[in-house]
Structure formats: C-alpha cells, structure tokens
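**Q** The following comprises the amino acid sequence and a computationally predicted model.
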Amino acid sequence: MKLEIESLRNHWALLAAMFSSLMLAAAHGFEHFGGMAPCELCLRQREVYWVALALGLGLTLAGKFGFTKRGALALLGLVFLTGGLIAGYHAGVEWKFWPGPASCTGNLEGLSNLGGDLLAGLDQPGEMPKCDQIPWSMLGISMAGWNALLSMGLAMISFKLAMPTPKEQVTL
C-alpha cells in the first residue's frame, strides 16, 4: 500500500502528538509500574516529548485554519532532533563515552551524613538514579539508546515531510 506524502503530511502533526503521548505513557509506566525512577537526563528527554505533544496538537488545530504545514513540520523535526541529541548524549554517558552531569553521575554517598538523624526520619525515597547506569536494555540497547533512535527517526520523517515533493519544486 503506497502512502501518499501529502496525506501523511496532512496527518503527521497528529501522529507525532500521538507517538509522543505513547512515549510519555511508556516512560511513566516504567517509572510507576516497573519501579524505575528517572534520572536527570531521562526527565530532560520527557520534556522534549511534552513539547512535541503540545506542538503536534497545536499544529493539528492550526492546520484546520490553513496554517502552512512545511515550516511547522520542520519545527517539529527540530524538536525531535533535540530529543534525539539529548537521548544520544544520555546513551553515551551510560556507555562511558563521555562524562555526564556531575549531579547525575557523581558519588552522592557523602551527602547522607550531612543531616545525621534528620535524614533518618524522612521517608526513604530510594537511591537517586544515576545517569551513567543502564537500568534496562533490549537487544543490547538501553532505553536512552532506543529513545535516540526513535527520536532521530521521527525527526527524519518530519524533515522529509517538510521538504517539497519533486512536483512541488519550482525551477528558476
């Protein structure tokens, strides 16, 4: 079945919003049902999907009023590209290719002695997740790695749809 570029272009903002909502649901599912608390970089990746969700829904509504699609799809591509870069950076931190943020990869054990018994009285939320540890992987690729691949794929689709088709190109 051949999918027309124009048809996909007309529905891509909504599809991107739906995909973003699925990614957010999966992330929250891993957190709340799988017991995997997000690290600092995981939360940054979620922020990108919130932006893509809002942008996708906004563009879907704007499309009903004749808003130009190509520029909007390029903007959506930039959002997904940003997500892919953040996720790729996170995957690199997990594989020790480069250092991560000090707040997320450093040794935080010394902080437990600062408050003495004061900390003992607080609810124990569990250990703060570190960005350089891989809590889950599939086929040897971590969640951050999968997120990088998916985000880059979404960016490529968005950019491809933002480009004019050969019959739409004007020659000078």
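**A** Perfect, I can see it now.
**Q** contacting residues around Q133?
**A** Q133 is in contact with E94, counting by Cβ atoms under 8 Å, 6 or more residues apart in numbering. Just so you know, the C-beta spots here come from the backbone N, C-alpha and C atoms, and that holds for glycine as well.
**Q** how close does it get to A144?
**A** Counting by Cβ to Cβ, to the nearest Å, the separation of Q133 from A144 is 11 Å.
**Q** longest helix of the protein?
**A** For the chain, the helix with the greatest residue count under DSSP state H is helix 5-32.
**Q** ok, then the element right after that one?
**A** Downstream of helix 5-32, the next assigned helix or strand under DSSP states H and E is helix 40-63.
**Q** so what does that next one touch, helix or strand wise?
**A** Counting contacts by 3 or more Cβ pairs under 8 Å, 6 or more residues apart in numbering; DSSP states H and E, helix 40-63 packs against helix 5-32, helix 69-94, helix 102-105, helix 143-162.
**Q** what about 7 Å?
**A** Contacts defined by 3 or more Cβ pairs under 7 Å, 6 or more residues apart in numbering; DSSP states H and E place helix 40-63 against helix 5-32, helix 69-94, helix 102-105.
**Q** Can you tell me which helices and strands the longest one packs against?
**A** To tie it back to what came earlier, the one meant is helix 5-32. Here helix 5-32 touches helix 40-63, helix 69-94, helix 143-162, going by 3+ Cβ pairs under 7 Å, 6+ apart.
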